[in-house]
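S.K.: give me the fold of what follows.
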Amino acid sequence: MAATGLAALLSVLLVLPSSILAATIHSERESVVRRERVPESSVQLNPNGELFQKVSSEHRQAPVADTHEDNKDFILGEEGTVKTCKQKDSKVVETPVTSKEQCIYAAWKVGAHIELETDGTPTPQFRRNFELTNDRDERWQHVHPEACFHTKCFPGDDHTKPEQDCFFFNPSEGKSDPAFTFEFGTPLAQINFTGTPVCMRELYKDGTKNLQAGCPPEYQVVMDHNVCQELCERDDYHCGTGEEDTGPIWEIGAKNYSQHNEFQQGCFYVDRKEQGKDEDFSTVYFNPLNTLADGAAVTGTAFCVVANRLKFEKTAHGNDGDQAAKGTCADVVCESPKVKDAAKAAEACEGTPADCTTAESETKCCTDA
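M.R.: Numbering: from 1, shown residues only. The predicted model follows:
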């Protein structure tokens, strides 16, 4: 009974139309303009007096755009807590997602239910409903985590379709209370505290210096040459193979095969001073082969990436999917080393849910673009 009241209220709020990141969401001025267009009838009540939101079928996922959150990995914290993240290792700091825009972006990134305008911005219904505001019923703020949180819900209050993974935003500070309960609905049902805080951590971390595969827990060495090149160019490293600080990163063993086991496997950097250079910067290299065991002494500090990123499974008609698939074609394929231009690949796929391991999807998206 409690779940029914909560699910409806949340579906209420839901249609978590995630502005798919679209440059993580346009300006506040644009948001204000969109709010003015929200029809008063977009928020309705179900028979239990609970809010829910109509779901439009006209929205689709827009092409991926760059955002300042690209270097973040979004994960779930401790279920049933106000804002506790799972701190697994002292080297990796996990913090709650505390802004609405981050919450929207996180929802899109992990495949939670979202709805967008065709230009990739949040639908007016989303801006109006995904936040647990005081003008509805303040008690709902007491029974959910602070800031960004995850829970299951029925978009559009449609219980004929599977529950979906949804993100909401609770702006209250100091109101969340895991012990708080209240009765709601017709017939009355007890509403208990539910939800899981959404947290974030760095997507990339340094490994232990001069140690083979010395990555923190839940991280692994970057083994994609293209990603390694991007990391080098994104940060302040020497990327060239000669005196220039730009250009293709040097591949270990290209001229001397015996060097493979002298250096860290995968993507790594070495301080120039350690190379006998009187220069205060580091050079990035890529070593495709190293037969030494993990923990062996090698030269270089590895670039590590989260090994298993949170991604909600797509089910039939669940999380915006029309078939069983993990992520959207653009989202999954664009993480493949075969993609030369992620934006064009995303545009080609148009966010259509698909099994991205098929030859057809690779032909469509994994191209030189």
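S.K.: ok, now which ones touch C232?
M.R.: Contacts of C232 were listed using C-beta atoms under 8 Å, 6 or more residues apart in numbering, and they are C239, I249, Y269, V284. Using the backbone N, CA and C atoms, a C-beta is placed for each residue, glycine as well.
S.K.: what's opposite the last one in the beta bridge?
M.R.: Each beta-bridge partner of V284 is listed here: Y269, as defined by DSSP bridges.
S.K.: before we move on, back to that, just the contacts of C232 now: which is nearest Q259?
M.R.: Nearest to Q259 among the contacts of C232 is I249, at 14.7 Å by C-beta to C-beta.
S.K.: low-confidence stretches in the stretch 251-369 of the chain?
M.R.: Scanning the stretch 251-369 of the chain for pLDDT under 70 picks out 275-278, 314-369.
S.K.: distance of V284 from K209?
M.R.: Applying C-beta to C-beta, to the nearest Å, the value for V284 to K209 is 15 Å.
S.K.: sorry, that was for A106
M.R.: From A106 to K209 the distance is 31 Å (C-beta to C-beta).
S.K.: do the same with T133
M.R.: For T133 relative to K209 (C-beta to C-beta), the value is 49 Å.
S.K.: okay, and E233 sits in which element?
M.R.: helix 225-234 (DSSP states H and E).
S.K.: buried residues in that helix?
M.R.: H225, V227, C228, Q229, L231, C232 (16 or more other C-beta atoms under 10 Å).
S.K.: relative to P96, which of those is nearest.
M.R.: L231 (26.2 Å).
S.K.: I'd say the closest one and C267 touch.
M.R.: Yes. Between L231 and C267 there is a contact under C-beta atoms under 8 Å: 6.6 Å.
S.K.: please export the C-alpha coordinates of the helix holding E233 as PDB.
M.R.: Below are the C-alpha coordinates for helix 225-234, written out as PDB (Å, rounded to 0.1, in the frame of the first residue of the first chain):
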ATOM      1  CA  HIS A 225      44.500   4.200 -27.500                       C
ATOM      2  CA  ASN A 226      41.900   6.800 -28.700                       C
ATOM      3  CA  VAL A 227      40.800   7.500 -25.100                       C
ATOM      4  CA  CYS A 228      44.400   7.800 -24.100                       C
ATOM      5  CA  GLN A 229      45.000  10.400 -26.800                       C
ATOM      6  CA  GLU A 230      41.900  12.400 -25.600                       C
ATOM      7  CA  LEU A 231      43.000  12.300 -22.000                       C
ATOM      8  CA  CYS A 232      46.500  13.600 -23.000                       C
ATOM      9  CA  GLU A 233      45.000  16.500 -25.000                       C
ATOM     10  CA  ARG A 234      42.400  17.300 -22.400                       C
END
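S.K.: okay, now the domains of this structure?
M.R.: 2-202, 204-306, 323-365 (automatic domain parsing).
S.K.: what pLDDT, on average, does the longest one get?
M.R.: pLDDT averaged over domain 2-202 equals 72, rounded to a whole number.
S.K.: could you tell me how many residues sit around D73?
M.R.: When counting by other C-beta atoms under 10 Å, one arrives at 24 neighbours for D73.
S.K.: so how far is F167 from Q102?
M.R.: Between Q102 and F167 the distance is 10 Å, computed by C-beta to C-beta.
S.K.: what touches both of those two?
M.R.: C148.
S.K.: quick one: which of the two has more around it?
M.R.: F167 (27 against 24).
S.K.: bridged to the more buried one, which residues?
M.R.: Beta-bridge partners, per DSSP bridges, of F167: H150.
S.K.: going forward, the N-terminal residue is numbered 814.
M.R.: Yep, numbering from 814; the last one is F980 now.
S.K.: all helices of the stretch 864-1013 of the chain, in order?
M.R.: Taking DSSP state H, counting those that start in this stretch as the criterion, the stretch 864-1013 of the chain carries its helices at 913-923, 937-942, 952-955.
S.K.: packing partners of the longest one?
M.R.: In other words, helix 913-923. Packing contacts for helix 913-923, counted by 3 or more C-beta pairs under 8 Å, 6 or more residues apart in numbering; DSSP states H and E, involve helix 835-838, strand 885-889, strand 960-966, strand 977-983, strand 1009-1015.
S.K.: what do you get if the cut-off is 6 Å, keeping everything else the same?
M.R.: Packed against helix 913-923 by the contact rule (3 or more C-beta pairs under 6 Å, 6 or more residues apart in numbering; DSSP states H and E) you find helix 835-838, strand 885-889, strand 977-983.
S.K.: this completes my enquiry, with thanks.
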